[in-house]
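1. Pasted the sequence and its predicted model underneath.
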Amino acid sequence: MGCTSVNFSEEELERITARTLGMDEFDGEEFEKAVRSITVMESGSLEFWLSGGETKTWKNLHLDPPRHIATVTDCFQGKVRCAACGNTYHRVNGAGRWVYWYCIGKKRKNAECHNPNYTDYQLRQVSAYMMGLDEFSEAEFGKQIEEIAAFPDGSLEFHFKEERTQKWQRV
């Protein structure tokens, strides 16, 4: 039986490592000092065993599955705002085959917005992670999230109703 472990390119591992260890960019010498080993878990997440005895985990959110997963989520309507032009994101449905969210500023005259689009599935996965849930819940999203700001670099900033913000950046 062959190995079913998730594979990462060297560049991906460096980006993930830098993010997990709080580095601005990957530093091989710092890595050698800080990390004893890395375990690729069955879920595709990475567990970093640090020199000081502690562990840090990077959770693989599986944002790019091999087959598109069509989800349709109503609670994102009016909650995702473009940090570049200030407009809201709107949903596009494609006959049940795909659903994605895009900045309406891309369609408006005299607007020049190039913020990234997100599949509905990606927004669900990241939102569940940011709320500390194993699976996405529209009800919990409504209770916890005031707004999501979408940035040109692909990062998302979650504004929680309890007046805290938390930023997510794709590696």
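-> Cool, got the structure.

2. How about the secondary structure of the residue positioned nearest the centre of the chain?
-> With distances taken as Cα atoms, centre = their mean, residue 126 lies nearest the centre of the chain, 4.4 Å away. Here residue 126 is helix, with the state taken from DSSP: H, G, I helix; E, B strand; the rest coil.

3. Helices of this structure, residue ranges please.
-> Using DSSP state H, the helices of the chain run over residues 10-21, 28-34, 120-131, 138-144.

4. what's in contact with the last one?
-> Residues from elsewhere that reach helix 138-144 (Cβ atoms under 8 Å, 6 or more residues apart in numbering): 73, 74, 75, 127, 131, 133, 160, 161, 162. (C-beta placed from N, C-alpha, C; glycine too.)

5. Can you list the buried residues in that helix?
-> Across helix 138-144, burial judged by 16 or more other Cβ atoms under 10 Å covers 140, 141, 144.

6. Over that helix, what's the mean pLDDT, rounded is fine.
-> Here helix 138-144 scores 96 as its mean pLDDT.

7. picking that back up, what subset of the contacts of helix 138-144 is buried?
-> Buried by 16+ other Cβ under 10 Å: 73, 75, 127, 131, out of these.

8. tell me which of those residues is nearest to residue 83?
-> Nearest to residue 83 among the buried ones among the contacts of helix 138-144, counting by Cβ to Cβ, is residue 127 at 16.7 Å.
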